[in-house]
Each structure stands twice: as structure tokens, then as C-alpha cells.
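Peer 1: Sharing a model prediction with you, sequence too.
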Amino acid sequence: MEGQASIGDMFRFSWAKSREILFPFNFKRWFKIMIIVWLAGVGVQGCSSNFGDFGKLGTSSPMVDVSRPLLTVTSTTSTSAAGSGMSVPAQVPTSAEMPSQEGKRTQPPASVPSPKVDFRKWAVFVVPAILLGLVLMLVFMWMGSRFNFILLDVIVTKNVAIKEQFRENRELGNSFFKWGLAFVGASLGFLLVIGLITVALIATFKGNVLWAGLSGVLGGLVIIAALFAMGIVGLGAHHFVTAIMYREKIPAMSALYQFFRTGTFTFEKVFQYLLVILGLSILASIVQGLVSLLLAMGGLIAGVIAALPGIFLIKALPILKLPLIILGGLAAMVLILAVIVVIGMVMLPVAIFFRVFALTYLTRFYPECDLMGFTVNK
């Protein structure tokens, strides 16, 4: 065999092993494995909030003063007319008495005050939000590092004991977490340096559109290539290096060195794996999207049906409006969580298959690291 099995053989073996791990079906066991899968592959979503109060403009525009008439007409009466009790029409001022419109046009318009940004108000919300985001990111990275090895333990031994496995994989998880921090820090530092160099080159050639444009394009290509390379390294670390760490009980850097120094390692195999995983991921995403859509529609219909009695009850007894609204909100949250759990349960075999396939494909790089017994069965 020696790592010459076809992709089809690996598919069939991985699917058979996935069924052995998950079946016979047991809801409690599936739920535990689903939690492990979520924590092993957890991602932090960004969220944005608009906290800004950008100041207020005056209620009237300073360009036009509507409280002052454009033309003032003075009404005068002659002494004789006043004596006779007759009113005389107001005298319209001559053109010489009227203000010069050209002079008005030459006057600069009044400037509109620009809105003021209260940076202190922003800082009150933004700084704690950034700090909280960083803390959560570190917590999830630490949890994900530990649960990666718990998931490996579940797949290899078929035993689900989260507490014991959490303690047993402490050293491996901490080592992978530290490596991940160093990798993320080095990656961000490299991207920052490339970005600064690109900006400096564009500023240097700002008088030359051609060279400035070429500098920007070159910097962008370097950043894209760096992101692609970082993605490959991160994918390889999660899919392969963790398995070597688990088998050999060695730190992350030693396992990474062991992975690259194997005599059977080639970049051709890496790109083949990436293409296979990309195709499987697209297919799995389509299936998950359809399942999510169907379950969401079913949950929405169930929610509407469940809400109808409450609406009629509110109309009949308005005093129950607030309790029923609170109860309805709680029921909606429970329904949403139920839909999420069902989606996770439905897609759990796919997630396990992906992990088993990665362990099976690892035998092409490192035949000695055969955690699933693929070469033995062959």
C-alpha cells in the first residue's frame, strides 16, 4: 500500500469509520460530540455597532435668515395728509436707495459648522469592546486548541469523556495554543510590514501614476500570496500537525518539523488535498444551506402557529399582554436554539467525515501516523 491508495478508497474508508464512530444513534452521545466539534472548530464573529453621536446642526441654516425681510419699505405721510386724515401710499425707494445686489453676491457665504465627533464618547464604548473582543478571541483559541485533541481522542478511541479528555490533553492543547498565538502574531506583523512598505512606496512615487500604481498592485499581490500561504499553514497545522502531536505526544513545533521532514512529503499532495477539501466544502455548504433553509422555514411556521393562540388571548385579556410577550420571547429563543441544534445534529456526520478523511489522507505524508488503521485494513 505505502500511501498509494486512491482518493475514492479514502472516501469509502472515511465514511465507514464515521458510521462506526456515530452509530448506533444516541442523542446524548451525539450532542456531546456536536459540542466538541463546535468548540474544536469555533470562530469569533465580528459585530459592529453604531455608537456615534455626531453632534447636531442648528435648526435653521445660516445661509438664509428668514427672520429679516429682504426689502424694508418705510411708510411716510405728509403733514397735510395727516391733518386731513387721508392715508398716502408708502413711497418705494429708488434704485439708488436699494442695496446693491452685486455687493451681496461678492460677499462670501457663511460657513456651515462641521459636525463634531465626541471621541470620548466613542472611547467609552469602543475601547472596552475591543478589549472584550481580544479576550474572547484568546479564550476561544485556547478552548479550540484543547478541544482539537479531545475530538481526535473521540475519533480514535470512540470514547466520549469530556472532563477526563480535557485534563489528559492539557499539555498538547497548551502547546498548540502557544504556537497559534506565535503564528497569528508573526502573520499580522508580516502583513503590517508589507502594508507599510506599500504605503511608503506609493507615497514616494505619488508624482508618478505608473510607478505608484505598480507599487500598490505589487503590494496587494504580496499580501494575497501571504494570506494564501498562511491559510495553507494553518489548515495543515489543524488537520495534520495536531494528529502527529497526538500520536507522538510532542510539542507543536516538533510535530511541524516532523511533518515537513518526512520523505513522502510533497507540495503536490498538499494541493491535491486542498482541491479535494475545497470541493467537499462547497458540496457540504450547499447541503447545509438547504437543510438550514428547510429547518428555518419549519421553525418559522411552527412559531407562527404557536403564536396565534397568544395573539387571540392578548386581545381577549389585555392584562396578560406583558407576560405573554415575555413568554413568547423565551419560546422564540428556545425555538431558535432547537433549530441550531437540529442543524448541528444533521451535519455532524459530515463534520466527522471531514476529520476522519484528514487523518486518512495524512498517511500519504506520514505513513507511520495511521491513527485510523487505514494502511492496516488495506
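Peer 2: Arrived safely, thanks for sending.
Peer 1: Secondary structure class of Gly263, three-state.
Peer 2: coil (DSSP: H, G, I helix; E, B strand; the rest coil).
Peer 1: what's the spacing between it and His238?
Peer 2: 23 Å (CB to CB, to the nearest Å). Just so you know, the C-beta spots here come from the backbone N, C-alpha and C atoms, and that holds for glycine as well.
Peer 1: do the same with Thr375
Peer 2: 23 Å.
Peer 1: quick one: which of the two has more around it?
Peer 2: Ranked by neighbour count (other CB atoms under 10 Å), Thr375 and His238 place His238 first, with 19 against 15.
Peer 1: in this structure, which spans are helices?
Peer 2: 7-22, 27-40, 79-84, 101-106, 119-157, 162-168, 170-204, 209-236, 242-248, 252-260, 267-316, 321-365, 374-377 (DSSP state H).
Peer 1: Would you mind finding the most buried of those helices?
Peer 2: helix 242-248 (a mean of 22; mean count of other CB atoms under 10 Å).
Peer 1: With just CA atoms, put stretch 210-217 into CSV.
Peer 2: What follows is stretch 210-217, C-alpha atoms only, in CSV (Å, rounded to 0.1, in the frame of the first residue of the first chain):
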residue,chain,number,x,y,z
LEU,A,210,2.5,54.4,-13.2
TRP,A,211,5.1,53.5,-10.5
ALA,A,212,2.6,54.3,-7.7
GLY,A,213,0.0,52.0,-9.3
LEU,A,214,2.6,49.3,-9.8
SER,A,215,3.7,49.6,-6.2
GLY,A,216,0.1,49.2,-5.0
VAL,A,217,-0.6,46.2,-7.2
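Peer 1: can you list contacts of it?
Peer 2: The contact list for stretch 210-217 (CB atoms under 8 Å, 6 or more residues apart in numbering) reads Thr198, Leu201, Ile202, Thr204, Phe205, Lys206.
Peer 1: ok, those vs Gly219, which is closest?
Peer 2: Among these, Thr198 lies closest to Gly219 (CB to CB), at 2.8 Å.
Peer 1: What residue, apart from its backbone neighbours, is nearest the closest one spatially?
Peer 2: Gly219 (2.8 Å; CB to CB, 6 or more residues apart in numbering).
Peer 1: For the one you found, list the residues it contacts.
Peer 2: Counting by CB under 8 Å, 6+ apart, Gly219 makes contact with Ile194, Gly195, Ile197, Thr198, Leu201, Ile202.
Peer 1: residues in contact with the fourth one?
Peer 2: What that stands for is Thr198. Ser215, Gly216, Leu218, Gly219, Gly220, Val222, Ile223.
Peer 1: who's in contact with the nearest residue to the first one once chain neighbours are set aside?
Peer 2: Put plainly, it is Ser215. Counting by CB to CB, 6+ apart, Ser215 lies nearest to Leu201, which is 3.8 Å off, once chain neighbours are set aside. For Leu201, the contacting residues are Ala212, Ser215, Gly219, by CB under 8 Å, 6+ apart.
Peer 1: what's the weakest-modelled helix or strand in this structure?
Peer 2: Here the helix or strand of the chain ranked lowest by mean pLDDT, DSSP states H and E is helix 79-84, holding a mean of 42.
Peer 1: can you list the weak-confidence ranges in the chain?
Peer 2: The chain contains residues with pLDDT under 70 at 1-4, 42-119, 262, 376-378.
Peer 1: No further questions, thank you.
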